[in-house]
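> just the structure for this:
(one chain, ligands or ions: 1)
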Amino acid sequence: MPTPVIASDAHLAHDGLIELVHGSPVACYESPARAVEIERALRAADGYAFEPPDEHGTAAITAVHDTDLVDLLEHVWTDAVAAGHDGRRPLIPDTFATEAFTTRHELSGTPLSRFDRLGSYCFDTATPIVEGTYAAARAAVDVALTAARRVLDSAPLAYGLCRPPGHHAGTRLFGGYCYFNNAAIVAQRLVSLGASRAAILDVDFHHGNGTQQIFWRRGDVFYASIHADPARQYPFFLGHSNETGEGDGVGENLNLPQPADLSDDAYLAAIDRTLEAILSRPGSIIVVSLGFDTYGLDPICDFALTTPVYAEIGRRVAATGRRLVILQEGGYYRPHLGNNAVAWLRGAEGR
Ligand SMILES: [Zn+2]
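Numbering: from 1, shown residues only. Below you'll find the predicted structure:
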């Protein structure tokens, strides 16, 4: 049976993006060409059945995100244009409502303009909003939920070519190129449909701070992440090994921060640790947050993984016997992005 690949063209209009890197505006590394390259490689490979996403409603999103975040992302662009924004440059917050802003008292009101409110929902200057952003983020959620549906309908694995990615987005937070948390929305859907437990395996280079935050006090969704040590890499403030969850979520958050120049073998050892932890818990489906920014040639990251190890990672994850909802997160070395995706999926397919 061919592997279902769920993809949408809506992401193409999430374009013209810039981010500030050490104060300099540069073209966003997270570009439409990334997903185009993955799609090209999968279409050129045999064994993949492309499908458009089914439309899912807002309720699946507000099951993990606050409704005011959805409202903000839906309307901020048109609001800003109506207020005089030139309609060409992306929106990036001018102010950030950091914790220190409100340490001694609560905010007693909110700005009238959605643009002025952006900075109380956003934690970085890498996550611009353009006219096509909201539709692209909604489509990425639909892609993820449709992939989950194929797996619930008995596919052993399905791949959601999500763009924008999702794992940095929290309950009322966007950032890190992410607006809605595709993997968290899927995990929430699985438990709301009756699964007693869900597991998310995050193999993006970066810590999925949003996924961690959403399930921090939850005992029904286990989150395991292998990522760069936040002492040296984005998102800097979260992702340490002593972050293990609170309340019902105690012990249900596993962070494995890693040093620079991480080798294939060291990565596989970390994979084995996460899979052992997942298998020690009940469940039948793993949601995979799949990033290829772990690749040795990635322009913004510092691990040293090679293409063959992606096949081996896919093989080991599939060898758990659990079905896999595989959702695309990061990965910025475009020339090899497609090959790495094909390698991972073929490994998981056992071929
Ligand atoms: Zn990443």
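> three-state assignment of the residue of the chain found nearest the ion?
Minimum separation of the chain from the ion (CB to the ion) falls at Gly330, amounting to 3.0 Å. In this view, the C-beta of every residue, glycine as well, is placed from N, C-alpha and C. The three-state assignment at Gly330 reads coil, by DSSP: H, G, I helix; E, B strand; the rest coil.
> look up how far Glu99 lies from it.
The gap separating Gly330 from Glu99 is 26 Å, by CB to CB, to the nearest Å.
> one more: Val141?
If you measure Val141 against Glu99 using CB to CB, the figure is 28 Å.
> and the closest residue in space to Ala228 that isn't next to it in sequence, what does it touch?
What sits nearest to Ala228 in space, not counting adjacent residues and going by CB to CB, 6 or more residues apart in numbering, is Phe205, at 5.7 Å. Counting by CB atoms under 8 Å, 6 or more residues apart in numbering, Phe205 makes contact with 227-228, 233, 291, 293-294, 298, 301, 303, 330.
> close to the ion: what parts of this protein are there?
Proximity of the chain to the ion, by CB under 5 Å from the ion, involves residues 204-206, 291, 293, 330.
> related to what we said a few turns ago, neighbour count for Gly330 and Glu99, which is higher?
Neighbour count, other CB atoms under 10 Å: between Gly330 and Glu99, Gly330 has more, with 26 against 6.
> next one: the more buried one, what pLDDT does it get?
What the model reports as pLDDT for Gly330 is 98.
> just the helices in this structure please.
With helices called from DSSP state H, the chain shows them at 32-44, 59-62, 67-82, 114-117, 133-152, 182-192, 209-215, 264-279, 307-318, 334-349.
> roughly how far is the third one from the heart of the chain?
Average the C-alpha atoms of helix 67-82, do the same for its chain, and the two points are 21 Å apart (CA atoms, centre = their mean, to the nearest Å).
> all further residue positions should be reported with the first residue as 53.
Shifting the count to begin at 53 puts that one at helix 119-134.
> looking at that helix now, give me its mean pLDDT.
Mean pLDDT, computed over helix 119-134, is 96.
> helices or strands next to that helix in the packing?
Using 3 or more CB pairs under 8 Å, 6 or more residues apart in numbering; DSSP states H and E, the elements in contact with helix 119-134 are helix 166-169, helix 185-204.
> try it again with 6 Å
Packing partners of helix 119-134 (3 or more CB pairs under 6 Å, 6 or more residues apart in numbering; DSSP states H and E): helix 166-169.
> distance check, Leu376 against Glu89.
In terms of CB to CB, Leu376 sits 22 Å off from Glu89.
> related to what we said a few turns ago, dump the residue contacts of the residue of the chain closest to the ion.
Neighbouring residues of Gly382 by CB atoms under 6 Å, 6 or more residues apart in numbering: 217, 256, 343, 345.
> residues near the residue nearest to Ala393 when sequence neighbours are not counted, how many?
In space, Ala393 comes closest to Ile90 once its chain neighbours are excluded; the distance is 4.9 Å by CB to CB, 6+ apart. The tally of other residues near Ile90 (other CB under 10 Å) stands at 25.
> dump the residue contacts of Ile90.
213, 389-390, 393.
> kindly export the helix or strand of the chain with the lowest mean pLDDT (C-alpha atoms) in PDB.
Each helix and strand of the chain was given a mean pLDDT (mean pLDDT, DSSP states H and E); the minimum falls on helix 166-169 at a mean of 90. These are the backbone C-alpha positions of helix 166-169, laid out as PDB (Å, rounded to 0.1, in the frame of the first residue of the first chain):
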ATOM      1  CA  ARG A 166      -4.300  43.500  17.000                       C
ATOM      2  CA  PHE A 167      -0.900  44.500  15.600                       C
ATOM      3  CA  ASP A 168      -0.100  46.200  18.900                       C
ATOM      4  CA  ARG A 169      -1.200  43.000  20.700                       C
END
